[in-house]
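> Would you be able to build a 3D model of this:
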Amino acid sequence: MEKISHFTIEDSPIEGTNLIEASAGTGKTYTIAGLFLRLLLEKRLLVNEILVVTFTESATEELKERIRSKLREAVKVFSGESTKDIFLACLFKKHNHSKHALRHLIDSLRAFDLASIFTIHGFCMRVLHENTFESGGLFDTVLITDQEELKREVAYDFWRSNLYNESPLFIRYLMDKKFNLESLISLFSSRFTQHNMTIIPQPDTSGEDTSLEEDFTLSFDRVRKSWHSMKGEVQDILENAHGLDKRKYPPSKLPLWIQTIDSIIDRGSNNLMALRGLEKFTTNNLRGATKPQFAPPAHPFFDLCETLLEEKRLLENIFERRLLGLKVKFFRFAGDRLATKKQDRNIQFFDDLLSRLYYALEQKGGERLAQSLRTQFQASFIY
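Just a heads-up that it's a prediction; the model follows:
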């Protein structure tokens, strides 16, 4: 692709591949209309041999009207009317008042309804419809404009097949992390269903210690039983521990922390996040809050809390990797399952038009389809 330092509609090349970069409001539509006229006159193309592709319906309609309007203006100029449009004046001068040019412009204006000006999806739909055999499609495939209900079905399928048999502890962890059916659906955007997509990171869930959940539950049960029988002892030790830093363990907060432990015990062991506050009763935390000249408070309950929180930490690391693995698995599952549902129902969404045309061109025999398009469209714009 040749690099041009300064672009002009009148003189810039109109063959090969050219990239024109321009910001908003710089006259891109005007430029395309001008280049369209040059292709008609200099390359003697028909209007249906020039492909113009853009993104939205509104942009498509604007391009059609602007190109048609510019073509009308050109007919008037080549018929002898004066113009203030510098480009049209240069175009008229370049073709030396050619009657053949005027005749071609008039014919092009009359045939303008045949002009190939599409949205990207509209272009893909036309190619697939006109080349059904080559693209491997069906004639009666229905285009849907909303696939949200299908996405919801896919999310339900994944949830049923992957989470119904999980432990209550892991399910509660997912709930605390806001991982639910609605979050699955929100993850399910088109970029996550692209084929051959590489997903990073790839979590390594091999070698997970499956006994950690059982160990955690047993540790929680020991803490619960110890609290029921030793709550008074623990409270008395902390109330009379003169070596504790009062800034870290203010006496006024102790009743609230005792209530917190009561609440943790009452809620049970199926919620890792519910253990917040238990760290105040661990051996290491108490040791760190004890003044150097004093021995830290000691009690078997503090050791049990230390063990329980360490097992919680290990279990959270495993659950985090497992959650990441579920998301990666869902990304792969969602695209395949959605495609299967569409195939079974013989429906397709807008993005499917792009992927179907891509695979039609890439598959065996795709070169024939590509050659057919090259023959049909002698020039093209992507706007």
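
> what residue ranges in the stretch 101-250 of the chain score low on pLDDT?
For the stretch 101-250 of the chain, the stretches flagged by pLDDT under 70 are 133-139, 189-198, 204-210.

> can you map out the strands along it?
Ranges of strands in the stretch 101-250 of the chain, per DSSP state E, counting those that start in this stretch, are 116-119, 142-143.

> Now mean neighbour count and distance to A360 too, for the ones you listed, in a markdown table please.
To be clear about C-beta, it is placed using only N, CA and C from the backbone, and glycine gets the same treatment. Below are these laid out as a markdown table (neighbours: other CB atoms under 10 Å; distance: least, CB to CB, whole Å):
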| stretch | mean neighbour count | distance to A360 |
| --- | --- | --- |
| strand 116-119 | 20 | 17 |
| strand 142-143 | 11 | 16 |
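
> for these, which one sits closest to E310?
Proximity to E310 (CB to CB) singles out strand 142-143 among the strands of the stretch 101-250 of the chain, at 56.6 Å.

> which helices and strands does that closest one pack with?
On a contact count with 3 or more CB pairs under 8 Å, 6 or more residues apart in numbering; DSSP states H and E, strand 142-143 meets strand 347-348.

> And for the strand it packs on, what's in contact with it?
Applying CB atoms under 8 Å, 6 or more residues apart in numbering, the contact partners of strand 347-348 are 141-144, 342, 356.

> ok, how many other residues are close to A111?
By other CB atoms under 10 Å, the residues close to A111 number 12.

> What does it show for phi and psi?
Main-chain dihedrals, A111, degrees, to the nearest 10: phi -100, psi 10.

> what separates it from L35, distance-wise?
18 Å (CB to CB, to the nearest Å).

> cool, Q378 as well?
When Q378 is compared with L35 (using CB to CB), they lie 13 Å apart.

> Looking at these two, which is more packed in?
Shown here are Q378 and L35; by other CB under 10 Å, L35 has more neighbours (21 against 15).

> For that one, what are phi and psi?
Dihedral angles (degrees, to the nearest 10) for L35: phi -70, psi -30.

> got it, and T54?
Dihedral angles for T54 - degrees, to the nearest 10 - are phi -140, psi -170.

> Next one: the residue lying closest to it once chain neighbours are set aside from F55, what distance?
With CB to CB, 6 or more residues apart in numbering as the criterion, T54 has its nearest non-adjacent residue at 4.3 Å, and that residue is Y383. Noted for Y383: a distance of 8 Å to F55, by CB to CB.

> higher neighbour count, these two?
Counted by other CB under 10 Å, Y383 and F55 do not tie: Y383 has more neighbours, with 16 against 12.

> residues in contact with that one?
By CB under 8 Å, 6+ apart, the neighbours of Y383 are 28-29, 32, 52-55, 59, 63.

> What of A22?
28, 31 are the contacts of A22 under CB under 8 Å, 6+ apart.

> so it is in which element?
Taking DSSP states H and E as the definition, one finds A22 inside no helix or strand.

> Could you check how far it is from F7?
For A22, the distance to F7 - CB to CB - is 8 Å.

> Overlap in contacts, the two.
T31.

> With distance to A274 added, can I get the contacts of strand 347-348 in a markdown table?
A markdown table is the format used below for the contacts of strand 347-348 (distance: CB to CB, whole Å):
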| residue | distance to A274 |
| --- | --- |
| T141 | 51 |
| V142 | 50 |
| L143 | 49 |
| I144 | 44 |
| K342 | 43 |
| R356 | 50 |
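
> What about D215, how many residues nearby?
15.

> which secondary structure element contains the closest residue to it other than its chain neighbours?
Take D215 and drop its neighbours on the chain: the residue closest to it by CB to CB, 6+ apart is E311, 5.6 Å away. Using DSSP H and E, E311 falls within helix 300-345.
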